[in-house]
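A.B. asks: Need coordinates for the below:
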Amino acid sequence: MTLRRSAATVLAASAVLCATATATVATTTAAVAAPSPTPVVPSGLYGEKDPTYDGVWRQSLALLAQDTVGVKPAAKAVNWLVGQQCDSGGFPSFRADAAEPCTSKTMMDSNATAAAVQALSALGGQDAAVKKGVSWLKSVQNQDGGWGYNPGGASDSNSTSIVIGALAATGEKPAEVKSQEGKSPYDALVTFSIPCDAKTGGGGAFAYQPDKSGKLAPNADATAAGVLGGLGQGLDAKGKKDGQKAAECDKSGKLTPAQAASNGAAYLTGVLAKTGHLDTAPMPGAEDAKPQPDFGNTADAVVALAAQGGAEQAKKPLEWLQKNSAAWAKENGPAAYAQLVLAANATGTDPKSFGGADLVKALNATGPAPEAAETADEEKKDSDDGGAFSTWWIVAVIFVASVGAGILFSGRKKKNQQL
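C.D. replies: As a prediction, this is how the structure comes out:
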């Protein structure tokens, strides 16, 4: 899920609207607030861009993607992620100074927490952090059974789905995690599913949230997330075996979580049929703008389709990504590389040969060297040092032996002369 990009889009849109609303005020105001300083990127964090809105998210995706390909992340990368957790168990999007305790003003983030829980659970050895994270997620569950982006916010399909993935990853049964009113995450999730016979279109898709009038609008990002949520799977979902029947939108009205996932997969398949990729939603006030390919959502759709119906169902968008995603991944860094690695993982594709690119090497290069790489470097150094040491040792032994032989020979000659 490209939740961090979605959040950035919302912030950017808000900034545009605020700038328009305050234009007249600016003409009469002499003082202009100085921009906030950009946080320093910690050495243990993946990526070089400002981590304010996505630090925990991109770190979690990077570590999770590395785990799927057998790469052991650097200890300081894992420690950085664990250090972002507050005493309550929740994770904010980013804490510039993890040494300072979290306060009531620290904005906890269900998405960051759920992603971190999935990553740390997969890596192992972080049981305390994982347990605290799950406890916090349960404590902020809404009465409808779902979760919003921040505690207290209305439930949405993206947040609810990624928390379902976190619960499943830690051995919990999402259907049994219920609110005080007895609602499970699945009860909330299916309410975002648009009926297959919807007259307004978008049948089978998931909406992010209903609008003020209660209507549901199809959202590709929410649909990809909803498919995984309905299947009870996480961000590192594995695809089903090939030979599965293509998903169809069921108009019978029997909407189980699994059927909602199948309906969502059918919607994605239909949208992807023409071009093989999803498009970005237009910014507010720019409805006439030409749609642009959405690489992140397309990668998420690949994972969702593979998890629901096998790699064959995700073939077209996967091939499109292999041909077109290199520049996008390079520009967007660790989270982008991680999404592509996870897409490769779901479809059984080699991430080290993805459209001619080595995604694993590229991902590793955006942060601290993985433990395996460090070990290999150390072994090579030890080997090199050992080879040099062996050479000098041999020389020294020969020298000592020759000196000893000379002394012995000299001693024998002197003794013979005395005789």
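
A.B. asks: can you give me the strands in the chain?
C.D. replies: Taking DSSP state E to define them, one finds strands in the chain at 278-279, 293-294.

A.B. asks: Go ahead and confirm Leu255 touches Phe192.
C.D. replies: No: contact criterion CB atoms under 8 Å: Leu255 and Phe192 do not qualify, at 10.9 Å. Every C-beta, even on glycine, is put in place using the N, C-alpha and C of the backbone.

A.B. asks: Who has more neighbours out of the two?
C.D. replies: Phe192 (28 against 16; other CB atoms under 10 Å).

A.B. asks: For the more buried one, which non-adjacent residue is closest in space?
C.D. replies: Leaving aside its chain neighbours, Phe192 sits nearest to Ser157 (4.0 Å; criterion: CB to CB, 6 or more residues apart in numbering).

A.B. asks: Tell me how far Gly83 lies from Met108.
C.D. replies: As defined by CB to CB, to the nearest Å, Gly83 lies at a distance of 16 Å from Met108.

A.B. asks: Please say which of the two ends up with more neighbours.
C.D. replies: Met108 (21 against 14).

A.B. asks: pretty sure that one is in contact with Gln84, am I right?
C.D. replies: No: taking CB under 8 Å as the definition, Met108 is not a contact partner of Gln84, at 11.1 Å.

A.B. asks: show me where the stretch 101-250 of the chain has helices.
C.D. replies: Ranges of helices in the stretch 101-250 of the chain, per DSSP state H, counting those that start in this stretch, are 110-123, 127-139, 157-169, 185-189, 220-231.

A.B. asks: List the contacts of the residue lying closest to Ser135 once chain neighbours are set aside.
C.D. replies: Distances taken as CB to CB, 6+ apart put Gly89 closest to Ser135, at 5.2 Å, once the chain neighbours are dropped. By CB atoms under 8 Å, 6 or more residues apart in numbering, the residues touching Gly89 are 113, 131-137, 139.

A.B. asks: Return the closest of those with respect to Ala301.
C.D. replies: Nearest to Ala301, judged by CB to CB, of the contacts of Gly89 is Thr113 at 24.1 Å.

A.B. asks: circling back to that earlier point, how about the strands of the chain, which one is nearest Ala99?
C.D. replies: Nearest of those (CB to CB): strand 293-294, 37.9 Å.

A.B. asks: starting at the chain centroid, how far to that closest one?
C.D. replies: 18 Å (CA atoms, centre = their mean, to the nearest Å).

A.B. asks: ditto for stretch 39-56
C.D. replies: 14 Å.

A.B. asks: what does stretch 110-125 give?
C.D. replies: That offset, for stretch 110-125, works out to 10 Å (CA atoms, centre = their mean).

A.B. asks: Could you tell me the average pLDDT over that stretch, please?
C.D. replies: Here stretch 110-125 scores 98 as its mean pLDDT.

A.B. asks: in it, what counts as buried?
C.D. replies: 110-123 (16 or more other CB atoms under 10 Å).

A.B. asks: same deal with stretch 239-257?
C.D. replies: 239-240, 247, 249-250, 255, 257.

A.B. asks: State the number of residues packed around the closest residue to Thr191 other than its chain neighbours.
C.D. replies: Counting by CB to CB, 6+ apart, Thr191 lies nearest to Asp144, which is 7.4 Å off, once chain neighbours are set aside. If you count neighbours by other CB under 10 Å, Asp144 ends up with 18.

A.B. asks: Wait, Asp144 touches Lys183, no?
C.D. replies: Yes: using CB under 8 Å, Asp144 is in contact with Lys183, at 5.4 Å.

A.B. asks: Contacts only, for Lys238.
C.D. replies: 306-307, 345-346.

A.B. asks: Go ahead and flag the most central residue of this protein.
C.D. replies: Leu61 (2.3 Å; CA atoms, centre = their mean).

A.B. asks: so that one touches Leu235, yeah?
C.D. replies: Yes: with contact defined as CB under 8 Å, Leu61 reaches Leu235; the gap is 7.0 Å.

A.B. asks: Give the residues shared as contacts by these two.
C.D. replies: Common neighbours of Leu61 and Leu235, counting by CB under 8 Å, 6+ apart, are 115, 342.

A.B. asks: what distance separates the start and the end of stretch 308-320?
C.D. replies: 19 Å (CA to CA, to the nearest Å).
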